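In: The following comprises the amino acid sequence and a computationally predicted model.
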Amino acid sequence: MAGMTSSARPHLNRRLAEFGTTIFAEMSALALATGSINLGQGFPDTDGPEEVREAAVRALRDGRGNQYPPGPGVPELRTAIAAHQQRRYGLSYDPDTEVLVTAGATEAIAASLLALLEPGDEVVALEPYYDSYAASIAMAGGRRVPVTLRPSFDEGARFRLDLDELRAAVTDRTRLLLINTPHNPTGTVLTRAELAAIAELAVERDLLVVTDEVYEHLVFDDAEHLPLAAFPGMRERTVTIGSAGKTFSFTGWKVGWVTAAPELVTAVRSAKQFLTYVSSGPFQYAVAEALALPDTYFEGFRAGMLAKRDILAAGLTEAGFEVFKPAGTYFITTDIRPLGEKDGFAFCRALPERAGVVAIPNAVFYDDREAGAPFVRFAFCKREEVLREAAGRLRAM
């Protein structure tokens, strides 16, 4: 039998065949087309601190970063990242060998998985997961193994990790655990006991861990962000990912980073250099100054986002949604079944016309689409008046 000709073969390679245009692009386009309030994609509708923006302007005018910055990132930012980890968590990193600046957290995730996986390696990830996780695992030739966070109502509505299920998911083919806390989209913040159990499992089975902690400064109520790298046996096996976009509300700057042991950073850098090589030159200097802001900034940022969470959560509850009030991030997951709905995709595609609001169906974050079908995510990183208007529209619906 003759082989398939080049023109007949699909253009997109089979590893990425399941990934089309992201749901974020689709829903943002729908928001524009209908003039709806966009509570789908997670970007703020106001800029971050003025002094940080001015630091970027100053760097541009001074000619700092207008040409290629150093491959690992500018020394000022790497030093600031190391100082931030030491000041907030007591974690000591060498800025020269244990810190790598990336084009946002998304590149950090991709570079880490491309560097650390061989084809066929299994990656255990917490489901639902940010969509780039699945694509990055696929590009690396890995196999994703989801462990699903499930709704629980025993201590308030939240999503919980089943540690027995996590342990059972690890096999002899498992190379890496991909952990996200605070967790997008559910808003779960893993507890000290849960993180200790994950650390124990990683050490016992000699696993690498990539941990996405981009929402580290957005934890609410009694929740506490604890870096997994700080647990016994984890410093040398954990790649920690951070981001300026989520903490300082400059998502368009695309400044992220990796902190890890030297051999892990070297591996990730080997992949990263062939993705973007370098990026965000002048913005790196500005983020270095942002990380040195006093604690009052971080406390005020968290308090402001908490107030926004409560405004939207109250509005969604009044509109009839079952609300899982998040302990972290700037997203609220809701259950649409109390509204007589069960298909999140259909609900979100109709919502702009019905209510003038855009949201994201959580099913896109699941391998098991049925498990995620009734859940819908709303972003609350918007101005308070926008959130109140959105809440009013949803109540009217």
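Out: Okay, I see it.
In: Wait, Val209 touches Ile241, no?
Out: No. Contact between Val209 and Ile241 fails when scored by C-beta atoms under 8 Å: they sit 11.0 Å apart. All C-beta atoms are positioned from the backbone trio N, CA, C, and that covers glycine.
In: Could you pull out the strands in the stretch 201-350 of the chain for me?
Out: Counting by DSSP state E, counting those that start in this stretch, one finds strands in the stretch 201-350 of the chain at the ranges 208-212, 238-243, 256-259, 322-324, 331-335.
In: so which of those gets nearest Arg61?
Out: strand 256-259 (24.8 Å; C-beta to C-beta).
In: Dump the closest one to CSV, keeping only the CA atoms.
Out: Taking C-alpha atoms only, strand 256-259 is exported to CSV below (Å, rounded to 0.1, in the frame of the first residue of the first chain):
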residue,chain,number,x,y,z
GLY,A,256,8.5,34.5,34.7
TRP,A,257,11.2,32.5,36.4
VAL,A,258,12.5,29.2,37.6
THR,A,259,14.4,28.5,40.8
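In: Just checking: what are the partner strands of that strand?
Out: Applying DSSP bridges to the sheet, strand 256-259 is found paired with strand 99-102 (antiparallel), strand 238-243 (antiparallel).
In: Reformat these as CSV; add mean pLDDT, mean neighbour count and distance to Ala267.
Out: Below are the strands paired with strand 256-259 laid out as CSV (pLDDT from 0 to 100; neighbours: other C-beta atoms under 10 Å; distance: least, C-beta to C-beta, whole Å):
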stretch, mean pLDDT, mean neighbour count, distance to Ala267
strand 99-102, 98, 27, 10
strand 238-243, 98, 26, 9
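In: Among the ones you listed, which comes closest to Arg167?
Out: strand 238-243 (18.2 Å).
In: Tell me who's in contact with the closest residue to Lys382 other than its chain neighbours.
Out: Among residues not flanking Lys382 along the chain, Asp45 sits closest, at 4.9 Å (C-beta to C-beta, 6 or more residues apart in numbering). By C-beta atoms under 8 Å, 6 or more residues apart in numbering, the residues touching Asp45 are 381-383, 386.
In: Give the phi and psi angles for Asp45, as a check.
Out: phi -110, psi 10 (degrees, to the nearest 10).
In: which one of the strands of the stretch 201-350 of the chain lies closest to Leu228?
Out: strand 208-212 (4.7 Å).
In: Show residues contacting that closest one.
Out: 105, 109, 112-113, 116, 130, 175-181, 198, 202, 227-229, 234, 237-241, 264.
In: Can you tell me which of these end up in helices?
Out: Among the contacts of strand 208-212, DSSP state H puts 105, 109, 112-113, 116, 198, 202, 264 in helices.
In: and of these, the nearest to Tyr297?
Out: Ala105 (20.2 Å).
In: buried stuff in the longest helix seen in the chain?
Out: Longest among the helix segments of the chain by residue count, using DSSP H, is helix 295-318. For helix 295-318, a neighbour-count test (16 or more other C-beta atoms under 10 Å) marks 297-298, 301-302, 305-306, 308-309, 311-313, 315-317 as buried.
In: can I get the CA coordinates of it in CSV?
Out: The C-alpha trace of helix 295-318 is given here as CSV (Å, rounded to 0.1, in the frame of the first residue of the first chain):
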residue,chain,number,x,y,z
ASP,A,295,5.4,44.1,52.3
THR,A,296,2.6,46.7,52.4
TYR,A,297,2.3,46.4,48.6
PHE,A,298,1.8,42.6,48.7
GLU,A,299,-0.6,42.9,51.7
GLY,A,300,-2.6,45.6,49.9
PHE,A,301,-2.7,43.7,46.7
ARG,A,302,-4.0,40.6,48.4
ALA,A,303,-6.6,42.6,50.4
GLY,A,304,-7.8,44.3,47.3
MET,A,305,-8.2,41.0,45.4
LEU,A,306,-10.0,39.5,48.4
ALA,A,307,-12.6,42.3,48.3
LYS,A,308,-13.1,41.6,44.6
ARG,A,309,-13.5,37.9,45.3
ASP,A,310,-16.2,38.5,47.8
ILE,A,311,-18.1,40.9,45.5
LEU,A,312,-18.2,38.4,42.7
ALA,A,313,-18.8,35.4,44.9
ALA,A,314,-21.8,37.1,46.5
GLY,A,315,-23.2,38.1,43.1
LEU,A,316,-22.8,34.5,41.7
THR,A,317,-24.5,33.0,44.7
GLU,A,318,-27.4,35.4,44.4
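In: got the angle for it vs strand 331-335?
Out: Relative orientation of helix 295-318 versus strand 331-335 (axes from the mean of the first three to the mean of the last three C-alpha atoms, to 10 degrees): 20 degrees.
In: Determine the set of other helices and strands touching helix 295-318.
Out: If contacts are counted by 3 or more C-beta pairs under 8 Å, 6 or more residues apart in numbering; DSSP states H and E, helix 295-318 sits against strand 322-324, strand 331-335, helix 384-396.
In: Rebuild those as JSON lines, extending it with mean pLDDT, distance to Glu50 and mean neighbour count.
Out: Converted to JSON lines, these look like this (pLDDT from 0 to 100; distance: least, C-beta to C-beta, whole Å; neighbours: other C-beta atoms under 10 Å):
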{"stretch": "strand 322-324", "mean pLDDT": "97", "distance to Glu50": "34", "mean neighbour count": "21"}
{"stretch": "strand 331-335", "mean pLDDT": "98", "distance to Glu50": "26", "mean neighbour count": "26"}
{"stretch": "helix 384-396", "mean pLDDT": "96", "distance to Glu50": "19", "mean neighbour count": "18"}
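In: Indicate which one of the ones you listed is closest to Ala56.
Out: That would be helix 384-396 among the helices and strands packed on helix 295-318, by C-beta to C-beta, at 25.4 Å.
In: got a list of what the nearest residue to Tyr68 once chain neighbours are set aside touches?
Out: Using C-beta to C-beta, 6+ apart and skipping residues adjacent in sequence, the residue nearest Tyr68 is Val278, 5.2 Å away. Applying C-beta under 8 Å, 6+ apart to Val278 gives the contacts 68-71.
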